[in-house]
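> Quick one, structure for this:
(one chain, ligands or ions: 2)
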Amino acid sequence: MQKYIKECQAFIITAGAGMGVDSGLPDFRGNKGFWKIYRPFENKYGFTDCANPQFMNYNPNLFWGFYGHRLNMYRNAIPHQGFQILKKIFLNRDYFIVTSNVDGQFQKAGFDINHIYEMHGSIHKFQCTPCDKLYDANQFQDLSIDLEKFIAADPLPQCECKHLLRPNILMFGDWDWISTIYDQQEKRFFEFVEKYKNNKVCVIEIGAGTSIPSIRNLGDRILDNIKQSIMIRINPTEADIPNDDRYFSIQKGGLEGIKELGA
Ligand SMILES: NC(=O)c1ccc[n+]([C@@H]2O[C@H](COP(=O)([O-])OP(=O)(O)OC[C@H]3O[C@@H](n4cnc5c(N)ncnc54)[C@H](O)[C@@H]3O)[C@@H](O)[C@H]2O)c1
Ligand SMILES: [Zn+2]
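Ligands and ions are numbered 1, 2, ... in the order given. Modelled structure (predicted):
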């Protein structure tokens, strides 16, 4: 595995919510993940209720309490040291990052946005569903949120057309997500795969769960497309790999696992 890391021409990182855990961010279904601890509304509403475009019309201040809190948390987070170790490993070699995370942590750690595909969108962008307009979240001031009730105070982010804005991320039961930015990122990513399809490419999957397997499925697809590629799966609890000598498993957290790759 180490020999391959030294020899390969390019890297692809595929990352799920577990990549943020060592930066102190909650994952989704883990013990300290959103699913278990994030019951902001006294168990009345769960994650899928809140992460839903219909919820914005039903109760906009609760909706923005939920997303505004996440936005503030991702804004304040400091990406763990593993991000910098990855940069050293990539040095002078090409790379692409695919993530289902909406938290913008790879950009914050200094990776080039032209080498990132955010398959579920980004919380750092807002969209106006009726008029299709997109905004940078930092055009709006931080929301003030009552952390007991998870209610965001007015004014909530509004489009110039006066409609309420929502985060530009793929939610549950979501037919309105404007995916223009991410479709372009996806196009760049598949051009990258095409470019390296006859080369040695090392795919490193970090903290991708099995309950929403978008990242895992994409990884398998990359290995099908790039015949000389290998996959290194870093995950403390869901590190199982298929019976295939192109797959390697490191049963550790993101930071410890990345250290093991050897910079
Ligand atoms: N930061 C974010 O943007 C964020 C956070 C939570 C959920 N989500 C969204 O929710 C969905 C959840 O899917 P998912 O598979 O990413 O999350 P998940 O919670 O289902 O899985 C997280 C995975 O990370 C692993 N993990 C736990 N601690 C870890 C650590 N210290 N280092 C590395 N891995 C660790 C777990 O074993 C698990 O396999 C995705 O669509 C994602 O977009 C995003
Ligand atoms: Zn509008």
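
> only C-alpha atoms for contact and neighbour calcs from this point on.
OK.

> Give me the contacts around the helix or strand encompassing I97.
If you go by DSSP states H and E, I97 is part of strand 94-99. By CA atoms under 8 Å, 6 or more residues apart in numbering, the residues outside strand 94-99 that reach it are 9-16, 115-120, 189, 192, 215.

> With stretch 188-195 instead?
96, 114-117, 222, 225-226.

> quick one: R188 and T210, what's the gap?
Noted for R188: a distance of 26 Å to T210, by CA to CA, to the nearest Å.

> Quick check on those two: which one has the bigger neighbour count.
Each of R188 and T210 has its neighbours counted (other CA atoms under 10 Å); R188 has more, 17 against 12.

> For the stretch 51-200 of the chain, which residues are neighbours of ligand 2?
128, 131, 159, 161 (CA under 5 Å from the ion).

> Which ones among those lie within strands?
Among those, the subset assigned to strands under DSSP state E is empty.

> Dump those residues to TSV, plus distance to ligand 1 and neighbour count.
Shown next, in TSV, are those (distance: CA to the nearest ligand atom, whole Å; neighbours: other CA atoms under 10 Å):
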residue	distance to ligand 1	neighbour count
C128	20	24
C131	25	11
C159	24	20
C161	28	10
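
> how about the strands of the chain, start to end?
Assigned by DSSP E, the chain shows strands spanning 10-15, 94-99, 116-118, 121-127, 134-136, 145-146, 151-152, 166-169, 201-206, 230-234, 247-250.

> For I181, find the nearest of those strands.
The closest of the strands of the chain to I181 is strand 121-127. By CA to CA, the value is 8.1 Å.

> who does the closest one touch, helix- and strand-wise?
For strand 121-127, the elements it packs on are strand 134-136, strand 166-169, judged by 3 or more CA pairs under 8 Å, 6 or more residues apart in numbering; DSSP states H and E.
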